[in-house]
Every structure is written in structure tokens, then in C-alpha cells.
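**Q** just to be clear, the model below is a prediction. Sequence and coordinates:
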Amino acid sequence: MQDVIEKLNKVVEYLDDIQDIKDSHSAAMQEVEFRISDILHLIELNDIPDSCCKKVVAELKKLREHRRDLKNQYEILKTFETHKEKLLKDNSRFMFSSELGKASKRLNSTYNNRVYTQEELDNLVKPVRGRPKKEEVVCCLVSAEGLKINNDSQWSTTESNANNES
């Protein structure tokens, strides 16, 4: 009999823990949202030196990851609230576990961009390295010296191009 009482007390303890998580969750989520808003306003309203941009982005990333974790917890807690009555019925407990599994799978699915294409996002984070391409250097030299490359890759002066066009 003592074993049964201990197990039931453990169930009550677990339910109390879940309630404590739910109670603190809203305040934690609100604080993270406010911190993110502060960072976004900092970016919007100030000229941030290049040397500080990495630090600002790192902080924003950390906050967004924390927010994602809180949102995932919220979804699991919401699933628990919706299906907790199934825990009391022998033949429905597997359904409760199934619902938790579905929620977990949904939360771990890949994100689909809403507006940007993947190529556009890849270009945003593409590092700029090394020297400019040869074509870029040639274009700069051409415009600086008044020379132009024809479509057939022949060099000519801007004067001879003007004569050819008339």
C-alpha cells in the first residue's frame, strides 16, 4: 500500500512541476520578446559600427534560440493540456503519447521561408572574400581609362565607339 501512495504522490509532484513550468512560462516568454524588441529598436534607430554588428547579431541569435525553445515548450504544454484527460483512461494513454510524438515531430520539422527564397537568404549570408574577380577589375580599368570592351571582346577607345555608332 505504501508503494502505491508513493507513486501517486510522485504523480502529484510531477503535475505540480508541470503547473510551475506553465506559470513561469508566460513571464519568461514576455521577457525574451521585450529583449528582442529592444535589440531590433537599437538596430533601427542607431548607426551601429561594423565592429559591433557581430556582437548585436550574436545577441539577437541567442535570444531567438531561447524564444524558439520557449515556444516549443509552450506547444508541448498545450498538447498536454488538450489531451491530459487521456492519461486517466487505460485505453487512451497510448493516444496521449502519440499526440506528444506528433507535436514533437511538428516542432522539429524544417522551416519554410515565407517570403524570401532560399537563394536570397544564402546571398545575405554569403561571405565576401578575397580580391575582386578579374572582370570586375577590368571594368574599373576600362571606365577609368575611357576604354570599352565590345561584345566580341575587342578593345576600343570611347572615341572610336562614338564614331562607329554614328
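**A** Nice, I can see it.
**Q** quick one, helices of this protein?
**A** Counting by DSSP state H, the segments of the chain that form helices are 2-45, 50-83, 93-107, 118-124, 134-145, 158-165.
**Q** okay if I get these as a markdown table plus mean pLDDT?
**A** As requested, the helices of the chain are exported to a markdown table (pLDDT from 0 to 100):
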| stretch | mean pLDDT |
| --- | --- |
| helix 2-45 | 93 |
| helix 50-83 | 93 |
| helix 93-107 | 88 |
| helix 118-124 | 89 |
| helix 134-145 | 44 |
| helix 158-165 | 46 |
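**Q** can you list those in JSON lines and add mean neighbour count?
**A** Placement of C-beta: from N, CA and C, glycine included. Formatted as JSON lines, these follow (neighbours: other Cβ atoms under 10 Å):
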{"stretch": "helix 2-45", "mean neighbour count": "11"}
{"stretch": "helix 50-83", "mean neighbour count": "13"}
{"stretch": "helix 93-107", "mean neighbour count": "13"}
{"stretch": "helix 118-124", "mean neighbour count": "9"}
{"stretch": "helix 134-145", "mean neighbour count": "11"}
{"stretch": "helix 158-165", "mean neighbour count": "10"}
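**Q** so how far is Cys53 from the most centrally placed residue in the chain?
**A** Most central in the chain under Cα atoms, centre = their mean is Arg64, positioned 6.9 Å from the mean C-alpha point. Distance of Arg64 to Cys53, computed by Cβ to Cβ, to the nearest Å: 16 Å.
**Q** just Lys10 next, same as before
**A** 50 Å.
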